[in-house]
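**Q** based on what follows, work out the 3D shape:
(2 chains)
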Amino acid sequence: MVIDIPFIWTALKEIIKALPLTLMLTVIPLIVGFFIGLVVALIRVYEVKGLSAVADGYVSFLRGTPIIMHIMLIYFGLPMLLQAAAPKLAISSIPVSVFVLTALSLSAGAYLSEVIRSGIISIPKGQAEAAYSVGMSTFQMMVRIILPQALSQSIPNFTNIFIGFLHTTSIAFIVSEKELTGAAKIVASNNLKFLEAYIAAGIIYWVVTILVESISLLLEKKATSYARGGVR
Amino acid sequence: MIYLHGIKKAFGNHEVLKGINLTIEKGKVVTILGPSGSGKTTLLRCINFLEKPDEGIVQVGDVKVEAAKANKKEILSLRKQSAMVFQHYNLFAHKTVLGNVMEGLIVAKKMNKEEARERSEQVLEKVGLLDKLNYFPSQLSGGQQQRVGIARALALNPEVILFDEPTSALDPELVGEVLAVIKDIADEGITMLIVTHEMNFARDVSDQVLFMDGGLIIEKGSPYEIFTKPKEERTRKFLKRISGETSVSWLQETAH
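**A** Numbering: from 1, shown residues only, chains lettered A, B, ... in the order given. Coordinates of the predicted model:
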């Protein structure tokens, strides 16, 4: 068996059509997850009574189980729940992506909450004290002083999570989502050229990752210039 | 003016403040001296509730708060009566010099941007930093950072400015510039409460000196009384240990 190098290009042109779906499966859960993560992180930082235990359990369970499991649980479990809650709902009409997006958002929320929490607790206590001393409320202190610093410093960690989730979307093909890996599988088995198809998919993942990394680097430089002595 | 009554504060089993009563009149400059661990800093932090007293009454200006039943709203309005200068400056790291001073005016005082900018530039001129408006704290020396800290407090035009060992973290050659700025604003008649280890400075600038030890105010009086003829044994011992030379040079100066 020889490797059919020109076919890699043919496969790539076919597989790249699935890139928008992969990007959607990455970006939407991360945006939703960011807000879940922010709320969960604040609950845990301030040890809000009652909610704190729920937040701890959420993070522990979702970080303690594989993401493929979350997709399975939501894909098979959520319809049952919905059936019980609203028997008249036509569950079969809900697109599969909704379940995948739900599952990935919940996972992203758990991982991002830890990124945000570590960002918040890395900011010296003196920053909050100074904010209080000039008469700010706790909310103003969080929004104006702590979060801007915590989030800028967390950019490398956000990028890590982004790249992780970009690659994790590949498991969505097990519930028949035709994202990059799913598309590669179809091209591969239709043409019986497995190696070439997966090389093509790999190249796409890699290029997207490199792009994301360089954007992140630029953002990081800009957002944390205050700490490195660059005049604005 | 400041009025404190029966302030008590414990960290776990360790009682740091054992009942502090204190009245400071408007426009007075008061320094607090005392060995480390005597509760000076904790007392200062109780005045703006960065430390919540276990018991007692704190009044700054028109706002009176009973520690045991203080709610968030009361604490917020109490904090708006004062401003603080910190040992480690605590400038907002992501804001420029100008941004640091404007922040409290815009967010807490609801001043409009133009007005806040004008006021900020005015106080930054006073501390000699008008040429550093767009610098970040990370680009400034310790002395410059602390002068920004003072400008940030001054801009708020508070009833009282609380100074928590403002020169303790500075290189020795930078202490002078910061003390000079504090002395300048002391002369303007702003009420100030200063925790410091700079004996010469305390002597020069204060209207009243308090000596604290073991969570209590042991002695208070004019700088002359405290530095030259302290009544309490503990005050005498402390002064002898920390600044034997200070009182001698004071005597020599007044003799001339």
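**Q** ok, then the element right after the worst-scoring helix or strand of chain A on mean pLDDT?
**A** Across the helices and strands of chain A, mean pLDDT, DSSP states H and E gives its lowest value to helix A:78-85, namely a mean of 87. Using DSSP states H and E, the helix or strand that follows helix A:78-85 towards the C-terminus is helix A:96-122.
**Q** show me what that next one is packed against.
**A** helix A:19-45, helix A:51-64, helix A:67-72, helix A:147-153, helix A:155-168 (3 or more Cβ pairs under 8 Å, 6 or more residues apart in numbering or on different chains; DSSP states H and E). In short, each C-beta sits where N, CA and C put it, glycine included.
**Q** how about the helix or strand following that helix and chain B, touching?
**A** Moving toward the C-terminus from helix A:96-122, the next helix or strand (DSSP H and E) is helix A:125-133. Yes. Using Cβ under 8 Å from any Cβ of the partner chain, helix A:125-133 reaches chain B at A:126-127, A:129-133.
**Q** which ones are touching the residue nearest the centre of chain A?
**A** In chain A, the residue lying closest to the centroid (Cα atoms, centre = their mean) is A:Leu30, at 3.6 Å. A:Leu30 makes contact with A:108, A:112, A:161-162, A:165, according to Cβ atoms under 8 Å, 6 or more residues apart in numbering or on different chains.
**Q** ok, so of those residues, who is nearest chain B?
**A** Lowest distance from chain B to the contacts of A:Leu30 (Cβ to the nearest Cβ) belongs to A:Leu112, with 21.0 Å.
**Q** check what pLDDT that closest one gets.
**A** The model reports A:Leu112 with a pLDDT of 98.
**Q** shouldn't it be in contact with A:Ile161?
**A** Yes. A:Leu112 lies in contact with A:Ile161 (Cβ atoms under 8 Å); the separation is 6.1 Å.
**Q** pLDDT weak spots in chain A?
**A** Scanning chain A with the threshold set as pLDDT under 70 gives A:1, A:229-232.
**Q** remind me, longest helix of it?
**A** In chain A, assigned by DSSP state H, the helix with the most residues is helix A:194-223.
**Q** B:Leu140 is in contact with B:Val148, isn't it?
**A** Yes. Because the distance of 7.1 Å satisfies Cβ under 8 Å, B:Leu140 is recorded as touching B:Val148.
**Q** what sits in contact with each of the two?
**A** B:Val97.
**Q** tell me which of the two has more neighbours.
**A** Here B:Leu140 and B:Val148 are set side by side on neighbour count (other Cβ atoms under 10 Å in any protein chain shown), and the busier one is B:Val148, at 27 against 19.
**Q** spell out which parts of the stretch 1-150 of chain B neighbour chain A.
**A** Proximity of the stretch 1-150 of chain B to chain A (Cβ under 8 Å from any Cβ) is limited to residues B:48-50, B:72, B:76, B:79-80, B:82-84, B:86, B:88, B:90-96, B:103-104, B:107-109, B:134-139.
**Q** these in helices, which ones?
**A** B:72, B:76, B:79, B:103-104, B:107.
**Q** drop anything exposed from those.
**A** B:76, B:79, B:103-104, B:107 (16 or more other Cβ atoms under 10 Å in any protein chain shown).
**Q** out of those, which comes closest to chain A?
**A** Within these, the smallest distance to chain A is 3.1 Å, found for B:Gly104 (Cβ to the nearest Cβ).
**Q** just give the nearest non-adjacent residue to the closest one, would you?
**A** Leaving out its chain neighbours, the residue that sits closest to B:Gly104 by Cβ to Cβ, 6 or more residues apart in numbering or on different chains is A:Val134, at 3.1 Å.
**Q** so who does the one you found touch?
**A** B:83, B:103-104, B:107-108, B:152-153, B:156.
**Q** quick check: the farthest pair among the residues you listed?
**A** The most widely separated members of these are B:Val107 and B:Ala153, with 15.0 Å between them, by Cβ to Cβ.
**Q** residues from chain A in reach of chain B?
**A** Counting by Cβ under 8 Å from any Cβ, the residues of chain A that sit close to chain B are A:124, A:126-127, A:129-138, A:140, A:144-145, A:148-149, A:152, A:225-229, A:231-232.
**Q** buried ones in stretch B:163-174?
**A** B:163-167, B:170, B:174.
**Q** ok, and what's touching it?
**A** Contact with stretch B:163-174 is made by B:41, B:44-45, B:84-89, B:141-143, B:146, B:149-150, B:175, B:178-179, B:182, B:192-198, B:201, as judged by Cβ under 8 Å, 6+ apart.
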